[in-house]
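Novice: sequence below, structure please.
(one chain, ligands or ions: 1)
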Amino acid sequence: MAYFNKILVANRGEIAIRIMRACREFGIDSIGIYSSADKNAFHVNYADEAFLVGEAPPTKSYLNIDRIIDIAKNADTDAIHPGYGFLSENAEFARRCEEEDITFIGPSSRTIEMMGSKVASRDLAKNAGVPILPGTPGAVTDVDEAISIAEHIGYPVIIKASAGGGGIGMQVVEHPDMIEEAVNGAMRIAASAFGDSAVFIEKYLTRPRHIEVQVLCDDHGNQTHLFERECSIQRRHQKLIEEAPCPIMDDVTREKITKAALKVAEKSNYVNAGTVEFLYSKGKFYFMEMNTRLQVEHTVTELITGIDIVGEQIIVASGKEMSYSQDEITLRGHAIECRVNAEDPLNNFAADPGKITLYRSPGGPGIRVDSGVYQGYTIPPNYDSMIAKLCAWDMSRDHAIGRMRRAISEYVIAGVKTTLPLHHAIMHNQHYINGDTHTHFLQEEDVQRTLKRYILEEEARMAHLATPLRDGKKVAAVVAGVTALIAKNQ
Ligand code: MV4
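Specialist: All right, here's what the predicted structure looks like:
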């Protein structure tokens, strides 16, 4: 099983631990890196060896390519796993690894570069016969051209930066009066944010679903899909809840969308794990972009397929064949992931870093927690606020929701505010239960209406945990506490 001797994990938090877990199962030593803000981070403790990579932001640390390559060489590392975010989709970093003869656990620098251009990947999808939304054939550089194309497509249209991601530089245009200003604005933002002013225009869908297909490919011509995920529930382009499979996907559409994803993988000679993203509306799907990294939400796919995606990434990066053929990959049950962020859902999701005074994670049947924190740990203010991913699996979606509610009720996190009560509210929301989600779910459906109650319930539970009661009084005491808190706050 010696795929590599040592893998450097160029990341932090839960995903660094997730990758190191895969390493340990394979008997591979993991090398951690950490910024000075992360001295006490769990991933540093978990790693077999760990090296300081720099100071806290604004210093580069986890983005410092030279320093990371240096650490990798000094520690005799065979491969680097970039995780997600940071350098995971940085073609220059992948190229540096290639030049230094360190295996980059991901696709080639050329593939990353190509897929990093939304215009180029859209064109590739089109040539592969995969549906795309009506729009500009390539990048738009001329405002008059943009106006005439928008006219041709019909409003509303959306302007996107070719080098973009995460919604940066994206503009929806409802009326021709606004197009000129919007194109100029989008080009300006794209130039300053990405150093590339290229934009493209396509037909805008109002309330689409975000559906993505996980692919896994090796160097031996095996190209497989691991079914789809539904990731529509998001806020400011940060996903909050993901699930697999998509609750409304029929077998015929699933066959088509997974085939489409594989066509994109084939056309790009894709190797390693990747995700093909689609927008879905009124029974039709359209290619949006391809992510050339391991994603946060890969966990739900692991739960419905039983496949260790990170393990397979390591295997195929070592040049070996992946462990599964498409025939052996089956979809079983339903999985949901709730992202637990240290944020205040009642205060515009403001980050709430600080010390975790109490921490107890849920367990039991069908529950998986990928977390980067522990009791007594102080969450630094410097990084992303996601502290854990809570996942529930069961044979049916209804039962998975039941398990998720149960796991949320078990989860104890005190000292910082979290998104857990929001998740509790969503797990009780009738639209969510019906599978009726879309990209604007949080704005549209008044989850806010019930949110406060769940937050109060959470606070009562935390207060109760601090003063344990005996015998049959526990549940009654929590209920009384909640009732009292609600009365006090109304
Ligand atoms: C769209 C769209 C509607 N129509 N494109 C947002 C992120 C960027 N990668 C693309 N995005 C969108 N593109 C067309 N033609 C709506 C969005 C969008 C969105 C997409 C997925 C998940 C959340 C979203 C939130 C707002 C807008």
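Novice: ok, which stretches of the stretch 251-400 of the chain are helices?
Specialist: 251-267, 298-305, 309-317, 397-410 (DSSP state H, counting those that start in this stretch).
Novice: any idea which of those helices is most buried?
Specialist: helix 298-305 (a mean of 25; mean count of other C-beta atoms under 10 Å). For every residue, glycine as well, the C-beta is placed using N, CA and C.
Novice: and it, what does it pack onto?
Specialist: Using 3 or more C-beta pairs under 8 Å, 6 or more residues apart in numbering; DSSP states H and E as the contact test, the elements touching helix 298-305 are strand 223-235, strand 238-244, helix 309-317, strand 334-341, strand 367-371, strand 386-394.
Novice: okay, the angle between the third one and strand 223-235?
Specialist: Regarding helix 309-317 and strand 223-235, their directions subtend 140 degrees when assessed with axes from the mean of the first three to the mean of the last three C-alpha atoms, to 10 degrees.
Novice: check which helices and strands helix 309-317 sits against.
Specialist: Packing partners of helix 309-317 (3+ C-beta pairs under 8 Å, 6+ apart): helix 13-25, strand 79-81, strand 209-217, strand 272-281, helix 298-305.
Novice: turn the ones you listed into CSV, including distance to the ligand and mean pLDDT.
Specialist: Shown next, in CSV, are the helices and strands packed on helix 309-317 (distance: least, C-beta to the nearest ligand atom, whole Å; pLDDT from 0 to 100):
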stretch, distance to the ligand, mean pLDDT
helix 13-25, 20, 98
strand 79-81, 24, 99
strand 209-217, 4, 98
strand 272-281, 6, 98
helix 298-305, 16, 98
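Novice: winner for burial among the ones you listed?
Specialist: Counting by mean count of other C-beta under 10 Å, strand 79-81 has the highest mean neighbour count of those, with a mean of 27.
Novice: who does it pair up with?
Specialist: Strand 79-81 has the following strand partners under DSSP bridges: strand 6-9 (parallel), strand 103-104 (parallel).
Novice: tabulate the ones you listed (JSON lines), appending mean pLDDT.
Specialist: Shown next, in JSON lines, are these (pLDDT from 0 to 100):
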{"stretch": "strand 6-9", "mean pLDDT": "98"}
{"stretch": "strand 103-104", "mean pLDDT": "98"}
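Novice: among these, which is nearest residue 149?
Specialist: Closest approach to residue 149 among these is made by strand 103-104 (37.5 Å; C-beta to C-beta).
Novice: contacts for the next helix or strand after that closest one?
Specialist: Once strand 103-104 ends, the next helix or strand along the chain (criterion: DSSP states H and E) is helix 109-116. Helix 109-116 is contacted from outside by 89-92, 94-95, 98, 106-107, 120-121, 124, 163, 268-271, 274, 289-292, using C-beta atoms under 8 Å, 6 or more residues apart in numbering.
Novice: what's the angle between the helix or strand that helix 109-116 is followed by and strand 272-281?
Specialist: Next helix or strand after helix 109-116 toward the C-terminus (DSSP H and E): helix 118-127. Using the same axes, to 10 degrees, the inter-axis angle of helix 118-127 relative to strand 272-281 is 80 degrees.
Novice: tell me what helix 118-127 is packed against?
Specialist: Using 3+ C-beta pairs under 8 Å, 6+ apart: helix 118-127 touches helix 109-116, strand 199-203, helix 251-267, strand 284-291.
Novice: quick one, it and helix 109-116 angle?
Specialist: Going by the same axes, to 10 degrees, helix 118-127 makes 90 degrees with helix 109-116.
Novice: quick check, helix 118-127 touching the ligand?
Specialist: No - Helix 118-127 lies apart from the ligand when judged by C-beta under 6 Å from any ligand atom; the minimum separation is 7.9 Å.
Novice: and residue 148, how many neighbours?
Specialist: Per other C-beta atoms under 10 Å, the neighbour tally for residue 148 reads 12.
Novice: ok, what's across the strand from residue 234?
Specialist: residue 239.
Novice: distance check, it against residue 484.
Specialist: 35 Å (C-beta to C-beta, to the nearest Å).
Novice: ditto for residue 353
Specialist: As for residue 353, its distance to residue 484 is 30 Å (criterion: C-beta to C-beta).
Novice: swap in residue 200?
Specialist: 56 Å.
Novice: more crowded one of the two?
Specialist: residue 200 (23 against 12).
Novice: give the contact list for that one.
Specialist: By C-beta under 8 Å, 6+ apart, the neighbours of residue 200 are 118, 119, 122, 135, 136, 138, 139, 140, 159, 160, 162.
Novice: got the end-to-end distance for stretch 81-100?
Specialist: Start and end residues of stretch 81-100 are separated by 15 Å (C-alpha to C-alpha, to the nearest Å).
Novice: do stretch 163-177 as well
Specialist: Stretch 163-177 has an end-to-end distance of 26 Å (C-alpha to C-alpha).
Novice: sorry, back to before: and residue 25, which of the strands paired with strand 79-81 is closest to it?
Specialist: Nearest to residue 25 among those is strand 6-9 (12.0 Å), distances taken as C-beta to C-beta.
Novice: for the residue nearest to residue 170 when sequence neighbours are not counted, phi and psi?
Specialist: Distance criterion C-beta to C-beta, 6 or more residues apart in numbering; nearest residue to residue 170, sequence neighbours excluded, is residue 160 at 5.2 Å. When read as degrees, to the nearest 10, the backbone of residue 160 gives phi -130, psi 150.
Novice: go on, residue 450?
Specialist: phi -100, psi -10.
Novice: one more: the one 5 residues further on?
Specialist: Main-chain dihedrals, residue 455, degrees, to the nearest 10: phi -70, psi -40.
Novice: ok, and what's touching stretch 152-165?
Specialist: By C-beta under 8 Å, 6+ apart, the residues outside stretch 152-165 that reach it are 116-120, 134-135, 139, 146, 150, 168-176, 179, 182-183, 186, 189-190, 193-196, 198-204, 206, 289.
Novice: now stretch 175-187
Specialist: Contacts with stretch 175-187, where a contact means C-beta under 8 Å, 6+ apart, come from 140, 143, 146-147, 150-151, 155, 157, 159-161, 169-171, 173, 197, 199, 201.
Novice: for whichever residue of the stretch 301-450 of the chain sits closest to the ligand, helix, strand, or coil?
Specialist: In the stretch 301-450 of the chain, the residue that lies nearest the ligand is residue 439 (3.9 Å; C-beta to the nearest ligand atom). The three-state label given to residue 439 by DSSP: H, G, I helix; E, B strand; the rest coil is coil.
Novice: that one contacts residue 231, doesn't it?
Specialist: No - between residue 439 and residue 231 there is no contact under C-beta atoms under 8 Å: 9.1 Å.
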